[in-house]
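K.L.:
Quick one, fold the following:
(one chain, ligands or ions: 1)
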Amino acid sequence: MTTVAVLGAGKIGEALLSGLLHAGRSADDLLFTERHAERAAELTATYGIRSADVPTAAKTADVLVVAVKPQDIDPLLDDLAGVVGPETLVVSLCAGLPTALFERRLPHGVPVVRVMPNTPMLVGEAMSAISPGRHAGPEHLAIVEELLSAVGKVARVPESQQDAVTALSGSGPAYFFFLVEAMIDAGILLGLPRAVAEKLIVQSAVGAAAMLAETGEHPVTLREAVTSPAGTTIMAIRELERHGVRAALLAAIEAARDRSRELGQPHDAD
Ligand SMILES: NC(=O)c1ccc[n+]([C@@H]2O[C@H](COP(=O)([O-])OP(=O)(O)OC[C@H]3O[C@@H](n4cnc5c(N)ncnc54)[C@H](OP(=O)(O)O)[C@@H]3O)[C@@H](O)[C@H]2O)c1
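P.N.:
Numbers count the residues shown, from 1 in each chain. I've put the predicted structure just below:
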């Protein structure tokens, strides 16, 4: 059994620790680092997991999960540089930071795996895409896959696709929230009380997601099944097509991919 240390137990780091405990990991095999003693004490009280400083975490753990904000990475890499070696697996959850940045700043041969998770990790339903760096092999990917399976689903992608992943599943939950918000507004427009509209739409979203996940059917098949000739659904679909909703989604996700590329550029250059 591996010992895992989460470096930076904020929203995502805490969600991962909590998911690992739920999946049956012992608190004794987990560690975290935090900047504020108060936050560390709160996490230890909630989960029974020890906090440590970076050198202790690096010495004790086989897997270091970096979960600080990308702008906080530099001092952490300075701290790690003197205390990790090729026997430690570094897993980065930091949006937009390439594995090459870690490889440049850490001793030669340290295996690095880059992960793009998303916020449903907070409820154990993350979609995480993982990519190996130069020194990470199948055994490292298998460890990361097992870890992240505790908090959702995992896909392997080449690192060159991480900007597309960021645009699709990284930001993806926000698109669904936006859609749900607009549909609740439509309910209000039609005269339904807000609470009723919210209940109808949230459960419809949950039900539709469960059908997609559980039946494995293509979304077109599922949509056609509720689209009867001259019925209500086709009238709505015609309006969605007339307003270019499909084209808007393609353009929106392309714009998110471009922004992800832009944000990553400073790290490609240093
Ligand atoms: N939230 C998301 O939807 C999401 C999705 C995909 C990827 N990610 C990635 O996940 C990472 C974490 O995001 P988050 O939303 O969980 O951020 P967050 O809530 O701000 O968590 C980061 C935590 O790390 C702590 N920290 C910073 N530097 C540290 C250091 N040197 N040593 C120990 N602790 C340190 C921060 O403490 P302070 O409070 O003092 O700053 C904070 O508690 C980011 O890189 C982000 O790109 C997040």
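
K.L.:
And the pLDDT at residue 266?
P.N.:
Residue 266 is assigned a predicted lDDT (pLDDT) of 76.

K.L.:
Around the ligand, which positions in the stretch 101-250 of the chain sit nearby?
P.N.:
Residues of the stretch 101-250 of the chain lying close to the ligand by CB under 6 Å from any ligand atom are 117, 118, 119, 170. From N, CA and C alone the C-beta is placed, and that goes for glycine too.

K.L.:
Greatest separation within those: which pair is it?
P.N.:
Farthest apart among those by CB to CB are 119 and 170. That separation is 9.1 Å.

K.L.:
Which of these two has more residues huddled nearby?
P.N.:
residue 170 (23 against 17; other CB atoms under 10 Å).

K.L.:
Worst mean pLDDT across the helices and strands of this structure, which element?
P.N.:
One helix or strand of the chain scores below all others by mean pLDDT, DSSP states H and E: helix 245-269, with a mean of 90.

K.L.:
Does residue 205 touch residue 180 like I think?
P.N.:
Yes: Residue 205 lies in contact with residue 180 (CB atoms under 8 Å); the separation is 5.7 Å.

K.L.:
Report the closest residue of the protein relative to the ligand.
P.N.:
Closest residue of the chain to the ligand, CB to the nearest ligand atom: residue 10 (1.7 Å).

K.L.:
Nearest residue to that residue in space, please, no chain neighbours.
P.N.:
Leaving out its chain neighbours, the residue that sits closest to residue 10 by CB to CB, 6 or more residues apart in numbering is residue 67, at 6.6 Å.

K.L.:
need the contact list for that neighbour.
P.N.:
Applying CB atoms under 8 Å, 6 or more residues apart in numbering, one finds that residue 67 lies in contact with 6, 7, 8, 9, 10, 12, 13, 16, 93, 94.

K.L.:
Could you turn the buried ones of these into a ChimeraX selection?
P.N.:
A single ChimeraX command selects the buried members of those (16 or more other CB atoms under 10 Å):
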select :6,7,8,9,12,13,16,93,94
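
K.L.:
Now, the contacts of residue 67 that are in strands?
P.N.:
6, 7 (DSSP state E).

K.L.:
Just send the contacts of residue 67 back as TSV, with pLDDT too.
P.N.:
Shown next, in TSV, are those (pLDDT from 0 to 100):
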residue	pLDDT
6	98
7	98
8	96
9	96
10	95
12	94
13	96
16	95
93	96
94	94
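
K.L.:
Show me which pair in the contacts of residue 67 is furthest apart.
P.N.:
9 and 94 (14.2 Å).

K.L.:
For the spatially most central residue of the chain, which non-adjacent residue is spatially closest?
P.N.:
The centroid of the chain falls nearest to residue 117 when counting by CA atoms, centre = their mean (1.5 Å). Leaving out its chain neighbours, the residue that sits closest to residue 117 by CB to CB, 6+ apart is residue 128, at 4.4 Å.

K.L.:
what's the answer for residue 48, then?
P.N.:
residue 27 (4.3 Å).

K.L.:
and that neighbour, what does it touch?
P.N.:
21, 47, 48, 49, 50.

K.L.:
Can you give the domain ranges for this structure?
P.N.:
4-162, 172-259 (automatic domain parsing).

K.L.:
still on that earlier bit, how close does the residue nearest to the centre of the chain get to residue 92?
P.N.:
Using CB to CB, to the nearest Å, residue 117 is found at 11 Å from residue 92.

K.L.:
Enumerate residues external to stretch 185-197 that contact any of its residues.
P.N.:
Around stretch 185-197, the neighbours that count as contacts under CB under 8 Å, 6+ apart are 183, 184, 198, 200, 201.

K.L.:
Now do it: distance to the chain's middle.
P.N.:
The chain centre lies 32 Å from the centre of stretch 185-197; the measure is CA atoms, centre = their mean, to the nearest Å.

K.L.:
Flag every buried residue along it.
P.N.:
Those would be 187, 192, 197, for stretch 185-197 by 16+ other CB under 10 Å.

K.L.:
pLDDT value on residue 2, please?
P.N.:
So residue 2 comes in at 89 (pLDDT).

K.L.:
For it, list the residues it contacts.
P.N.:
Here residue 2 is in contact with 29, 61, 62, 63, 143 (criterion: CB under 8 Å, 6+ apart).
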